[in-house]
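Participant: my questions are about this predicted structure, shown below with the sequence.
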Amino acid sequence: MPLLLLDLDNTLLPRDAAFRAWAQDFLLERALPPADVEWLATIDGGGYVPRSTVLSAARRRYGLDESLDRLLAHYRRGINAHIHCPARNLDALRAARAAGWTLGIVSNGNTGPQLEKIRRTGLGPMVDGWVISEEADCLKPDPLIFEIAAQRCGVAPTGDWASRTWMVGDHAPADIAGAELAGLRSVWLHHGRPWAEPGYRPTLKAAGLPEAVGQVLSARGAPSPRPGVRAGATGARRGPVTSSPAVSTPAANTSAASAPVASGARAGAVVEPTAAAQSGAHHGVRFLSSAPDGGRAPSVAHADGSAPSAAEAGSAVRNRPGGFARLPGGGPGAAPPVPLPVRLSPASPSTPAPDDSAPSPARAG
């Protein structure tokens, strides 16, 4: 079963654009200089800097008498209100689905805010599963997180699974280094930046997600359309999946997906937006009703948000067909945890750090 894994922030979702939109609102509401959007974007560091640091600095700069808690609440509401998934990215996911690919999200960050982004943007029904570093207790570039993602998407991370898997992301030390360590092929979203890592390189580079998906589908390793999924059939869905889905890998797809990447993979491949085959509600995803951030933020993890984590709320997070990732403190009636690879120990309860005291630098996801 060919598998396409995708980073969340600044890959599927334009996180930095959402931050700038919040910053504009923040300045406008307080009659502050509009040009200071650049100052706020700089101290934000693309999500690497803890929110308490960013907002404390803004509070001092502008002499605000608002409490830090009030500013953090304003930030959480604002960033969530502005986050969205561009239509062209959703079209790219539909095209990959129609071409026979299983889709998954691999994100570094705190569980609550990342799940809220998935819920708000409609990405849940578009993918087969996801893994978030906090609840999985490991993070990119650790190869284990990619194996967890594969298993949660219904793909057994055994045999030649890596040769049939691609990773797409914008953050080289997490996404591309992680793919390299796991033996996956990768596409780096450069967003106009030059490649700066001497020790490893992506398989391909792209300006944005549609181009990246087009490159993957155009590569010689792309599979034939999955049986039962007709390209261009709007709303086509796969059949129901049991709680322990069996992995079926059509022979044609396996041989195609395991072939080496064509050296001339078309760099400007265009994803046909009419190739729509949504996964829809085939896995019955259940989301948290709200997504406060908090808890400890592992290194190289997004610092967005700062409220109590989903773990503190006692939630179990539905991740893939019939499977749950147990968060510490699950209450009565919480779903049972999904078995994970034997090398993974379940995430243990931890004392949440105040605000989001993520080590610096912190980002990814």
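Facilitator: Yes, it's here.

Participant: surely residue 110 is in contact with residue 134?
Facilitator: Yes. Residue 110 lies in contact with residue 134 (CB atoms under 8 Å); the separation is 5.0 Å. Yep, even glycine has a C-beta here, placed from its N, CA and C like the rest.

Participant: the more surrounded of these two?
Facilitator: Set residue 110 next to residue 134 and count neighbours by other CB atoms under 10 Å: residue 110 wins out with 34 against 28.

Participant: how near is the more buried one to residue 139?
Facilitator: 11 Å (CB to CB, to the nearest Å).

Participant: could you do residue 149 as well?
Facilitator: For residue 149, the distance to residue 139 - CB to CB - is 12 Å.

Participant: before we move on, what about residue 106?
Facilitator: From residue 106 to residue 139 the distance is 9 Å (CB to CB).

Participant: about what we covered before: so between residue 149 and residue 139, which is more surrounded?
Facilitator: Higher neighbour count among residue 149 and residue 139: residue 149, with 30 against 25, using other CB under 10 Å.

Participant: let me see the contact set for the residue lying closest to residue 196 once chain neighbours are set aside.
Facilitator: The spatially closest residue to residue 196, leaving aside those adjacent along the chain, is residue 172, at 7.4 Å (CB to CB, 6 or more residues apart in numbering). Residues in contact with residue 172, defined by CB atoms under 8 Å, 6 or more residues apart in numbering, are 188, 195-197, 202.

Participant: narrow these to those that are buried.
Facilitator: Among these, those buried by neighbour count (16 or more other CB atoms under 10 Å) are 188, 202.

Participant: farthest-apart pair in the contacts of residue 172, please.
Facilitator: Farthest apart among the contacts of residue 172 by CB to CB are 196 and 202. That separation is 12.1 Å.

Participant: follow-up on the earlier one: between the contacts of residue 172, which sits nearest residue 60?
Facilitator: Distances from residue 60 to the contacts of residue 172, taken by CB to CB, are shortest for residue 196, at 32.5 Å.

Participant: helices and strands of this protein: which one bottoms out on pLDDT?
Facilitator: helix 251-257 (a mean of 34; mean pLDDT, DSSP states H and E).

Participant: just the CA atoms of the host helix or strand of residue 59, as CSV, please.
Facilitator: In the assignment (DSSP states H and E), residue 59 maps to helix 51-62. This file holds the C-alpha atoms of helix 51-62, laid out as CSV (Å, rounded to 0.1, in the frame of the first residue of the first chain):
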residue,chain,number,x,y,z
ARG,A,51,4.0,32.0,23.1
SER,A,52,4.7,33.4,26.5
THR,A,53,8.0,34.8,25.3
VAL,A,54,6.4,36.4,22.2
LEU,A,55,3.5,37.9,24.1
SER,A,56,5.5,39.1,27.1
ALA,A,57,7.8,40.9,24.7
ALA,A,58,4.8,42.5,23.0
ARG,A,59,3.3,43.5,26.3
ARG,A,60,6.5,45.3,27.3
ARG,A,61,7.0,46.9,23.9
TYR,A,62,3.6,48.5,23.8
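
Participant: for that helix, which positions count as buried?
Facilitator: By 16+ other CB under 10 Å, the buried positions in helix 51-62 come out as 51-55, 58-59.

Participant: same check, this time on stretch 65-78
Facilitator: Neighbour-count burial for stretch 65-78 [16+ other CB under 10 Å]: 68, 71-72, 74-76, 78.

Participant: correct me if wrong, but residue 64 is in a helix.
Facilitator: No. Counting by DSSP: H, G, I helix; E, B strand; the rest coil, residue 64 is not found in a helix; it is coil.

Participant: I'm done for today, thanks for sticking with me.
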